[in-house]
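[1] Need coordinates for the following:
(one chain, ligands or ions: 1)
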Amino acid sequence: MDSGEFRRHGHSLVEWIADYLEHSDRYPVLSRVAPGDLTRALPSHAPERPEPFDGVMDDFERLIVPALTHWNHPGFFGYFATSSSPPAVLAEFLAAALNQNAMLWRTSPAATELESVTLAWLRELMGLPSGFEGVIYDTASTSTLHALAAAREAAVSGVREKGLPGRAGVGTLRVYCSDQAHSSVDKSVILLGLGHEGLCRVPSDNEFRMSAPALRDAIARDRATGVTPVAVVATLGTTSTTSVDPVGEIADICEREGVRLHADGAYAGVAAIIPEIRPRFAGRERADSIVVNPHKWLFVPVDLSACYTRRMDVLRGAFSLVPEYLRTAEGTAGVRNLMDTGVQLGRRFRALKLWMVLRAYGAAGLRATLEEHMRLARLFAGWVDAEPSFERLAPVPFSVACFRAVPAAVPVPELDAFNERLLEAVNASGDVLLSHTRLNGVLTLRLAVGQLRTAEAHVARAWELLRENAARLAGK
Ligand code: PLP
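    As a prediction, this is how the structure comes out:
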């Protein structure tokens, strides 16, 4: 592709993207293809000869677009709704063009230093103390893995050199989190060689927050049998209900026990840019590390997770390994090389999109959008509360509502199956996408507001579809 062709296709692609972002609601939110449809429609071999890009774009529209689930649709209310904002799209375009590989400072001074500056901005916006230093990973799962690897490094002497298997004096190691914590904590302990049994899931209270007394008891029981506590993961905004663990009480226990504390604020952590929200997270500043995901609720497209730690030296101790060919004068002189604080060597220029989003919206713009999302979730919760054939199943601390339909005509034992059918019917409309969870054994519907383009009319449409379909399925 010569530069003339690149210009031509680039211009029309920008037109396509602008139109898509403006009218993403013209597509069904959930893709309607069946498993294997796309694979069957595509050739099984790469082309031997170059193909004209116009044809590639035609196939993109004809084959790829129907197989997209539209996270940019304003009716996307599933999981945690995320957005790619126009400034971030432009940043990704640039990042691909620049192809920075920020393994060393010298291989990209810009990506290395912009990451530090942008994460310091975000840290300040969230009201975290300056002792927290940040590093960008792809996802919260990776952030938590690195934080727990640092915890293991601190808890088990010589783990880096000697590993774990067969070591005298290294018994069972334990990580603690609530029964509501994200499955990435399970994956971390598995990967770190602690075994899945190395994770203790502490019961939560009636608002799905970790019970601090139960944590204290679990650690005491473990200590009595020679188990070594390694870390506690407190969640600031759980995946199902966005509940916030009592991180201050948990920090008291961790400090008393000499156990590291990691806070998982993947979704709700960024809400701390609103000063009035911060008291809900009181104690997070005592955590050793904290993860927040701008790619969840800060209008940066997947992927960008920000991991902050008060002990970057421990993280570096766990991961730094410099082969001769990557030795540099700056690295020896103490300049930060990003390869030293993570498992990956090559890393892309993620900070650019966060920098552009922070500048394009400003803190005030971001706060206003988050506040509007929370208002919409509360509004929806109010409609649920006022409708006798529905019930709310959890508080709404941020922008997610948990609820189910409870029509009088449906016997209680059949409510799970009824709500599954309701979810399927509502999602089949193409106008909205909701997802589900299970709370206290009950199938629960979730409406998660978080899409940049979601307005009150979209939430109202979701409610209309829920009510209409519930009435129809209940046989009214
Ligand atoms: N932590 C929490 C609380 C989450 O809700 C999620 C995903 O929804 C994750 C971690 C994992 O996020 P990621 O997809 O960035 O790994």
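[2] Look up how far residue 72 lies from residue 22.
    Applying Cβ to Cβ, to the nearest Å, the value for residue 22 to residue 72 is 10 Å. Every residue, glycine included, has its C-beta placed from N, CA and C.
[3] next one: residue 18
    From residue 18 to residue 72 the distance is 12 Å (Cβ to Cβ).
[4] These two: which is more packed in?
    Here residue 18 and residue 72 are set side by side on neighbour count (other Cβ atoms under 10 Å), and the busier one is residue 72, at 22 against 12.
[5] Now do the contacts for the nearest residue to that one once chain neighbours are set aside.
    Counting by Cβ to Cβ, 6 or more residues apart in numbering, residue 24 is the residue found nearest to residue 72 once chain neighbours are left out, at 4.4 Å. Counting by Cβ atoms under 8 Å, 6 or more residues apart in numbering, residue 24 touches 70, 72-74, 453.
[6] Can you pull the phi and psi angles for the residue nearest to residue 102 when sequence neighbours are not counted?
    Nearest-residue entry for residue 102: residue 111, 3.6 Å, with adjacent residues in sequence omitted and distances by Cβ to Cβ, 6+ apart. Backbone torsions of residue 111, given as degrees, to the nearest 10, read phi -70, psi -40.
[7] Isn't residue 69 up against residue 30?
    Yes - applying Cβ atoms under 8 Å as the test, residue 69 and residue 30 come out as touching, 5.4 Å apart.
[8] joint contacts of these two?
    What both residue 69 and residue 30 touch, as defined by Cβ under 8 Å, 6+ apart, is the set residue 433.
[9] Give me the more crowded residue out of those two.
    The residue with more neighbours, out of residue 69 and residue 30 and counting by other Cβ under 10 Å, is residue 30; that gives 20 against 15.
[10] isn't that one right up against residue 435?
    No - Residue 30 is beyond contact range of residue 435, at 10.2 Å (criterion: Cβ under 8 Å).
[11] Is the residue of the chain most remote from its centre in a helix, a strand, or coil?
    When distances are taken from the C-alpha mean of the chain, residue 49 lies farthest, 40.4 Å away, according to Cα atoms, centre = their mean. At residue 49 the chain is in coil, as set by DSSP: H, G, I helix; E, B strand; the rest coil.
[12] And residue 404, by the same measure?
    Counting by three-state DSSP, the three-state call for residue 404 is strand.
[13] tell me which residues form a beta bridge with it?
    residue 391 (DSSP bridges).
[14] Check what pLDDT it gets.
    For residue 404, the pLDDT comes out at 98.
[15] quick one: it from residue 352, how far?
    Separation of residue 404 from residue 352 (Cβ to Cβ) stands at 42 Å.
[16] again with residue 120
    16 Å.
[17] repeat for residue 270
    With the distance defined as Cβ to Cβ, residue 270 ends up 18 Å from residue 352.
[18] quick one on the thing from earlier: what number of residues lie near the residue nearest to residue 102?
    Residues within reach of residue 111, counting by other Cβ under 10 Å, total 23.
[19] Please apply the same query to residue 409.
    Residue 409: 12 surrounding residues under other Cβ under 10 Å.
[20] how about low-confidence regions in the stretch 351-476 of the chain?
    Within the stretch 351-476 of the chain, the ranges that satisfy pLDDT under 70 run 476.
[21] tell me which parts of the stretch 201-350 of the chain are close to the ligand?
    Within the stretch 201-350 of the chain, the residues that sit near the ligand (Cβ under 6 Å from any ligand atom) are 235, 238-239, 264, 266-267, 293, 305.
[22] could the residues you listed go into JSON lines alongside neighbour count, pLDDT and secondary structure?
    As requested, those are exported to JSON lines (neighbours: other Cβ atoms under 10 Å; pLDDT from 0 to 100; DSSP: H, G, I helix; E, B strand; the rest coil):
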{"residue": "235", "neighbour count": "29", "pLDDT": "98", "secondary structure": "strand"}
{"residue": "238", "neighbour count": "27", "pLDDT": "98", "secondary structure": "coil"}
{"residue": "239", "neighbour count": "20", "pLDDT": "98", "secondary structure": "coil"}
{"residue": "264", "neighbour count": "31", "pLDDT": "98", "secondary structure": "strand"}
{"residue": "266", "neighbour count": "28", "pLDDT": "98", "secondary structure": "coil"}
{"residue": "267", "neighbour count": "27", "pLDDT": "97", "secondary structure": "coil"}
{"residue": "293", "neighbour count": "27", "pLDDT": "97", "secondary structure": "coil"}
{"residue": "305", "neighbour count": "25", "pLDDT": "98", "secondary structure": "strand"}
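[23] so what's the closest residue to the ligand within the stretch 301-450 of the chain up against?
    With Cβ to the nearest ligand atom, the shortest gap between the stretch 301-450 of the chain and the ligand falls at residue 305, namely 5.3 Å. For residue 305, the residues meeting the contact criterion (Cβ under 8 Å, 6+ apart) are 136-140, 142-143, 266, 291-295.
[24] got JSON lines for these, with secondary structure too?
    What follows is the contacts of residue 305, written out as JSON lines (three-state DSSP):
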{"residue": "136", "secondary structure": "strand"}
{"residue": "137", "secondary structure": "strand"}
{"residue": "138", "secondary structure": "coil"}
{"residue": "139", "secondary structure": "coil"}
{"residue": "140", "secondary structure": "helix"}
{"residue": "142", "secondary structure": "helix"}
{"residue": "143", "secondary structure": "helix"}
{"residue": "266", "secondary structure": "coil"}
{"residue": "291", "secondary structure": "strand"}
{"residue": "292", "secondary structure": "strand"}
{"residue": "293", "secondary structure": "coil"}
{"residue": "294", "secondary structure": "helix"}
{"residue": "295", "secondary structure": "helix"}
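[25] Highest neighbour count among those residues?
    The member of those that has the most neighbours, counting by other Cβ under 10 Å, is residue 292 with 32 neighbours.
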